[in-house]
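Q: Whatever this is, show me its structure:
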Amino acid sequence: MKVGFQAGYWGSGPPAKVEQRLHEAEALGVDSFWTAEAYGSDAFTPLAWWGARTSRIRLGTSVAQISARTPTATAMAALTLDHLSGGRVMLGLGASGPQVVEGWYGQPYPRPLERTREYVEILRSVWERREPVTYEGRHYRLPHPGGTGLGKPLRSTVHPLRPDIPVLLGAEGPKNVALAAEIADGWIPLWFSPRSDAFYRDALHEGFTRPGARRGPEDFEVAAVCPIVEHDDVEVAARRIKPMIALYAGGMGAKDANFHTEVFARMGWGEVCAEIQGLYLAGRKEAAVEAVPTAMVEDVALVGPVDKICEEIARAWRPTCVTTMILAGWPRSEARGRILEAVRG
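A: Numbers count the residues shown, from 1 in each chain. All right, here's what the predicted structure looks like:
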């Protein structure tokens, strides 16, 4: 199993100590570095800025939202950064949710799987550069069929360094996970629980066995984001992650359209999620955070003393379908080496 490090979302400004931690991560042989976007900072600019300070570590978006950019714009950003980094880019993509897509980007959300499939097909057409790009889909058409009528098929002026930049899909539901296994080079789970491994393996198998599937389980990357807080006190560590879980399970989406809530419900936390969501949507955010049980945190995160974390990695995480653990957090220096070695096995 490989190790990744995630800078995550920005708050009101850039997260602290990213450059220092990234320097340490590369020196320790960490395999990959990842950035994210929601409706504040974007994923590509920080990846380029911080990635310029590195020479070996792979650079990934976890994830870039497909509604934020046209497929050709995303293809341009990825191929540009791939050139500048010497072929180290991994393009993580996600459909996001209706609140962000329609509220922030002003784009329609329905049929996200179909939109994702078309999006990825256009990306690959740009990178392969075999001919000017044309596309006739339900959601994307190149050239645009209306307007002035002067649009014409174009081919990228830049020859991609790699005509096959890895694409990973951020996905939570079984249909999205199966789509990732069918058309992508990897899958980025959010709120992955080792207890759900069999469920996800079944979804991946569904995608791998579809006609024309791009890869099989032997060469498919599963890069799971895993929050980590290393601290001698489990409760203190868990409290640092509870606000994030409360936000995702309670406030990230509408009452009847929250994909993160569905993930936790499949783990058996349905009633707890209903309580968290009710409190969060009523404006009682602190109470929603208090309603998150520590056991719920431990299902999806690594919290507590270094011995506990290393034991859980070996016992619970390493036997799963995960091939890369993206650590959303940076352990203390005295524990860092042990945790990284526990992941690598």
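
Q: Is residue 114 part of a helix or strand, or is it coil?
A: At residue 114 the chain is in helix, as set by DSSP: H, G, I helix; E, B strand; the rest coil.

Q: quick one: contacts for it?
A: By C-beta atoms under 8 Å, 6 or more residues apart in numbering, residue 114 lies in contact with 138, 139. Yep, even glycine has a C-beta here, placed from its N, CA and C like the rest.

Q: same thing with residue 168?
A: By C-beta under 8 Å, 6+ apart, the contact list for residue 168 reads 60, 63, 90-93, 180, 184-188, 221, 223.

Q: got a list of contacts for stretch 304-311?
A: For stretch 304-311, contacts defined as C-beta under 8 Å, 6+ apart pick out 228, 230-234, 237-238, 302-303, 331, 334-335, 338-339, 342.

Q: quick one: which of those has the most company?
A: residue 302 (29 neighbours; other C-beta atoms under 10 Å).

Q: Would you confirm that that residue contacts residue 226?
A: Yes: counting by C-beta atoms under 8 Å, residue 226 is a contact partner of residue 302 at 6.1 Å.

Q: just checking, what packs against the least confident helix or strand in the chain by mean pLDDT?
A: The helix or strand of the chain with the poorest confidence is helix 259-264; it has a mean of 88 (mean pLDDT, DSSP states H and E). Applying 3 or more C-beta pairs under 8 Å, 6 or more residues apart in numbering; DSSP states H and E, we find helix 259-264 packed against helix 270-281.

Q: now what about the helix it packs on, what contacts it?
A: Under the contact criterion C-beta under 8 Å, 6+ apart, helix 270-281 has outside partners 245-247, 249-251, 255, 258, 261, 264-265, 285, 287-288, 291-293, 296.

Q: Quick check: buried residues in it?
A: 272, 273, 274, 275, 276, 277, 279, 280 (16 or more other C-beta atoms under 10 Å).

Q: I'd like to know which of the contacts of residue 168 are part of strands.
A: The strands, defined by DSSP state E, take in 60, 90, 91, 92, 93, 186, 187, 188, 221, 223 from the contacts of residue 168.

Q: Isn't the last one up against residue 328?
A: No: applying C-beta under 8 Å as the test, residue 223 and residue 328 come out as separate, 11.8 Å apart.

Q: Between those two, which has more neighbouring residues?
A: residue 223 (27 against 24).

Q: Just list whatever residues bridge to the more buried one.
A: Residue 223 forms beta bridges with residue 324, as assigned by DSSP bridges.

Q: Check the offset of the helix or strand hosting residue 47 from the chain's centre.
A: Here residue 47 sits within helix 44-51, counting by DSSP states H and E. Taking the mean of its C-alpha atoms, helix 44-51 sits 16 Å from the chain's own mean (C-alpha atoms, centre = their mean, to the nearest Å).

Q: swap in stretch 202-221?
A: Relative to its parent chain, stretch 202-221 has a centroid offset of 19 Å by C-alpha atoms, centre = their mean.

Q: And that stretch, end to end?
A: The first residue of stretch 202-221 is 16 Å away from its last residue (C-alpha to C-alpha, to the nearest Å).

Q: quick one on the thing from earlier: tell me which of the contacts of stretch 304-311 fall in helices.
A: Assigned to helices by DSSP state H, the following of the contacts of stretch 304-311 qualify: 234, 237, 238, 334, 335, 338, 339, 342.

Q: out of these, who's nearest residue 203?
A: Nearest to residue 203 among these: residue 342, at 26.8 Å, using C-beta to C-beta.

Q: looking at it, the closest one is touching residue 313, isn't it?
A: Yes: Residue 342 is within contact range of residue 313, at 4.3 Å (criterion: C-beta under 8 Å).

Q: Drop anything exposed from the contacts of residue 168.
A: Buried among those by 16+ other C-beta under 10 Å: 60, 63, 90-93, 180, 184-188, 221, 223.

Q: Now the residue most central in space within the chain: closest residue in space, sequence neighbours ignored.
A: Central residue of the chain (C-alpha atoms, centre = their mean): residue 62, 3.5 Å from the mean position. Closest residue in space to residue 62, ignoring its immediate chain neighbours: residue 34 at 3.9 Å, by C-beta to C-beta, 6 or more residues apart in numbering.

Q: mind checking the SS state of that neighbour?
A: strand.

Q: for residue 3, same thing?
A: Three-state assignment for residue 3 (three-state DSSP): strand.

Q: Check the burial of it by counting its neighbours.
A: Residue 3: 20 neighbours (other C-beta under 10 Å).

Q: check contacts around it.
A: Counted by C-beta under 8 Å, 6+ apart, residue 3 has contacts 29, 30, 31, 32, 324, 325, 327, 340, 343, 344.

Q: Tell me the confidence at it?
A: Per-residue confidence (pLDDT) for residue 3: 98.

Q: For it, give its distance to residue 308.
A: 18 Å (C-beta to C-beta, to the nearest Å).

Q: ditto for residue 334
A: Here residue 334 is placed at a distance of 15 Å from residue 308 (C-beta to C-beta).
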